[in-house]
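Visitor: Quick one, structure for this:
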Amino acid sequence: MKYDVIVVGSGPGGYVAAIRASQLGLKTAVVEKESIGGICLNWGCIPTKALLKSAQVYNYVSHAGDYGVAVEGNFKPDFEAMIKRSRNVADDMSKGVQFLLKKNKIEQIMGHGRVKQGKKVEVEDADGKKTEYEADHIIIATGARSRELPAMKQDGKKIIGYRKAMSLKKKPESMVVVGSGAIGSEFAYFYNAIGTKVTLVEYMPNIIPVEDEDVSKQLARSFKKNKIKVMTSTEVTAVDTSGDKCKVTVKNKKGEQEIEADVVLSAVGIQSNIEDIGLEDVGIKTEKDKVVVDEFYRTNVDGYYAIGDILKGPALAHVASHEGIICVEKIAGEELQPLDYNNIPGNTYTIPEVASVGYTEKQAKEAGYDIKVGKFPFTASGKAKAAGNADGFVKVIFDAKYGEWLGAHMIGENVTEMISEAVVARKLETTGHEIIKSVHPHPTMSEAVMEAVADAYDEVIHL
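Guide: You can find the predicted model right below:
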């Protein structure tokens, strides 16, 4: 029962860390209490994208005539079939990760893991049996769950979180989504697309508030065009579930009002899974719901590490994966650089999609930069026009003095596939003129990146 590395949690941080550890020759085990692959594969990133694809296909069929395709007969969204497909996709991906762990000779230990003093992990299985395992290095990757507000205590029926939103038995006729981050906005889009009357409530002045303000405003316009009611600078003060419908009391500068809906989806952020995993017993330091680590994910207790959503920083699957890789490479004695958290891409898979990296325009100004800003709308893109979806734009921000690429912000069709150009270019310290002189294929959506950079330097051709 002795290992070089034990990873507690098998999400995109945990299983990636385990595989990399095994590749480096370390005897490794993974502890998981529920499903291999964690929240991302089973209840987050993957199944939500399956639902969003179903909504997109339904939208295409609904507008088939715009593309010169005649669709005969009645058609409608099959909510139950969409949910079933989403669950099947998640199950397949989870089985794929199980295969990868087995291929890399990583032991999978099912049960609830608790770290113990002396570099040990106690695992309690479904029958209540407890077994102790020992390792030289223990990586805690227990992830996070939906956060609850006092005014919206989830009951799994009328007030739900993201997990229940992916497994409802019946499509609600109306829904209030509270919180407009990636999770809230994606579910607002999905349910609206299949016919649910959706109201999106956001406490901050703009939806998707971490994004550049221009992007937030564009998505709000797109949502409103598609009949999603968007309420910003609005607080939910109470939810009454005593009747057939939920009565949601909201407050903003116009005063209080009441909204009726079948279901309220709480999407107000996440809470770290750090309770009942033994942190206090070992003496591992935490601050404000987060484990404290150094730049290589070492806690204050020798031999114990933490990665992923239980740390301060962006709660993103790809961040957790890179943290896991850096953590185990450092354990293996490799020389490496810490992760650059200012070059982390963020994606929101609504229609239109949103993607960004680096500083927003506001952040760049607040940081004291003299900036150049370029913007290219997809209304000027031949590929976007041909695809029938010209909503959105690419916006880029450069330091006027040294030419550093400070940020990129995109909203439009397939922009989540385009943002990597900016991430890699920023990593390589590429200048704006190097982007302009790099030939981009025509017609493509990605031409907009080149054109936006050219606009920043007053060299844009197609505007």
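Visitor: where's residue 213 relative to residue 204, distance?
Guide: 11 Å (Cβ to Cβ, to the nearest Å). Any C-beta I mention is one placed from the backbone N, CA and C, and that applies to glycine too.
Visitor: With residue 453 instead?
Guide: Counting by Cβ to Cβ, the gap from residue 453 to residue 204 is 30 Å.
Visitor: next one: residue 332
Guide: For residue 332, the distance to residue 204 - Cβ to Cβ - is 42 Å.
Visitor: Give me the more crowded residue out of residue 453 and residue 204.
Guide: residue 453 (29 against 15; other Cβ atoms under 10 Å).
Visitor: who touches that one in this structure?
Guide: Counting by Cβ atoms under 8 Å, 6 or more residues apart in numbering, residue 453 makes contact with 374, 396, 398, 432, 435-436.
Visitor: and which of these is nearest residue 276?
Guide: residue 396 (45.7 Å; Cβ to Cβ).
Visitor: Mind checking the pLDDT average for the helix or strand harbouring that closest one?
Guide: Using DSSP states H and E, residue 396 sits in strand 393-399. For strand 393-399, mean pLDDT is 98.
Visitor: All further residue positions should be reported with the first residue as 740.
Guide: I'll keep to 740 as the first residue from here, and by that count the last item is strand 1132-1138.
Visitor: So which elements touch whatever helix or strand comes next after it?
Guide: Once strand 1132-1138 ends, the next helix or strand along the chain (criterion: DSSP H and E) is strand 1144-1151. Using 3 or more Cβ pairs under 8 Å, 6 or more residues apart in numbering; DSSP states H and E, the elements in contact with strand 1144-1151 are helix 952-964, strand 1092-1097, helix 1100-1105, strand 1132-1138, helix 1158-1166, helix 1186-1195.
Visitor: got the angle between strand 1144-1151 and strand 1132-1138?
Guide: Between strand 1144-1151 and strand 1132-1138, the angle comes out at 170 degrees (axes from the mean of the first three to the mean of the last three Cα atoms, to 10 degrees).
Visitor: Run the angle between strand 1144-1151 and helix 1186-1195 for me.
Guide: 130 degrees.
Visitor: Strand 1144-1151 - which strands sit beside it in the sheet, and in what orientation?
Guide: Partners of strand 1144-1151 in the sheet, by DSSP bridges, are strand 1092-1097 (antiparallel), strand 1132-1138 (antiparallel).
Visitor: Give me the mean pLDDT for it.
Guide: So the average pLDDT for strand 1144-1151 ends up being 98.
Visitor: which regions of the stretch 990-1139 of the chain lie under the pLDDT threshold?
Guide: By pLDDT under 70, the stretch 990-1139 of the chain has no low-scoring segment.
Visitor: quick one: the strand holding residue 1135 to chain centroid distance?
Guide: Strand 1132-1138 sits 22 Å away from the centroid of its parent chain (Cα atoms, centre = their mean, to the nearest Å).
Visitor: So which residues make contact with that strand?
Guide: Here strand 1132-1138 has contacts from 951, 953-954, 957, 1097-1100, 1103, 1108-1117, 1143-1151, 1154, 1157, 1161, 1171, 1187-1188, 1190-1192, 1195-1196, using Cβ under 8 Å, 6+ apart.
Visitor: Scan the chain for its longest strand.
Guide: strand 869-879 (DSSP state E).
Visitor: From the contact counts, what lies against it?
Guide: Against strand 869-879 (3+ Cβ pairs under 8 Å, 6+ apart) you get strand 741-747, strand 767-771, strand 851-855, strand 859-863, strand 1043-1045, helix 1056-1070.
Visitor: want to try JSON lines for these, with mean neighbour count as columns?
Guide: Formatted as JSON lines, the helices and strands packed on strand 869-879 follow (neighbours: other Cβ atoms under 10 Å):
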{"stretch": "strand 741-747", "mean neighbour count": "24"}
{"stretch": "strand 767-771", "mean neighbour count": "27"}
{"stretch": "strand 851-855", "mean neighbour count": "21"}
{"stretch": "strand 859-863", "mean neighbour count": "19"}
{"stretch": "strand 1043-1045", "mean neighbour count": "26"}
{"stretch": "helix 1056-1070", "mean neighbour count": "23"}
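Visitor: Ok, which of the ones you listed comes nearest residue 834?
Guide: Between the helices and strands packed on strand 869-879, strand 767-771 lies closest to residue 834; by Cβ to Cβ that is 13.6 Å.
Visitor: quick one: the closest one to strand 851-855, angle?
Guide: 120 degrees.
Visitor: helices and strands around strand 767-771, which ones?
Guide: strand 741-747, helix 753-762, strand 846-849, strand 869-879.
Visitor: Recalculate using a threshold of 7 Å.
Guide: Applying 3 or more Cβ pairs under 7 Å, 6 or more residues apart in numbering; DSSP states H and E, one finds that strand 767-771 contacts strand 741-747, helix 753-762, strand 846-849.
Visitor: Can you lay out the ones you listed as TSV showing mean pLDDT and distance to residue 1183?
Guide: Below are the helices and strands packed on strand 767-771 laid out as TSV (pLDDT from 0 to 100; distance: least, Cβ to Cβ, whole Å):
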stretch	mean pLDDT	distance to residue 1183
strand 741-747	97	40
helix 753-762	98	31
strand 846-849	96	42
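Visitor: Quick one: closest of these to residue 966.
Guide: Comparing the helices and strands packed on strand 767-771 by Cβ to Cβ, helix 753-762 comes nearest, at 39.9 Å.
Visitor: which residues sit against that closest one?
Guide: 744, 746, 767, 769, 776-777, 836, 839-840, 843-845, 878, 880, 1046, 1060, 1063-1064, 1066-1068 (Cβ atoms under 7 Å, 6 or more residues apart in numbering).
Visitor: do the same with stretch 1007-1019
Guide: With Cβ under 7 Å, 6+ apart, stretch 1007-1019 has contacts from 747, 852-855, 879, 881-886, 888, 917-918, 1025, 1028-1030, 1048-1049, 1054.
Visitor: Can I get the strand holding residue 1135 as CSV, trimmed to CA atoms?
Guide: The C-alpha atoms that make up strand 1132-1138 are tabulated as CSV, following Å, rounded to 0.1, in the frame of the first residue of the first chain:
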residue,chain,number,x,y,z
PHE,A,1132,-16.0,40.6,-33.3
VAL,A,1133,-12.3,40.2,-32.4
LYS,A,1134,-10.7,42.8,-30.1
VAL,A,1135,-7.0,43.0,-29.4
ILE,A,1136,-5.0,45.2,-27.0
PHE,A,1137,-1.3,46.0,-27.3
ASP,A,1138,1.2,48.0,-25.3
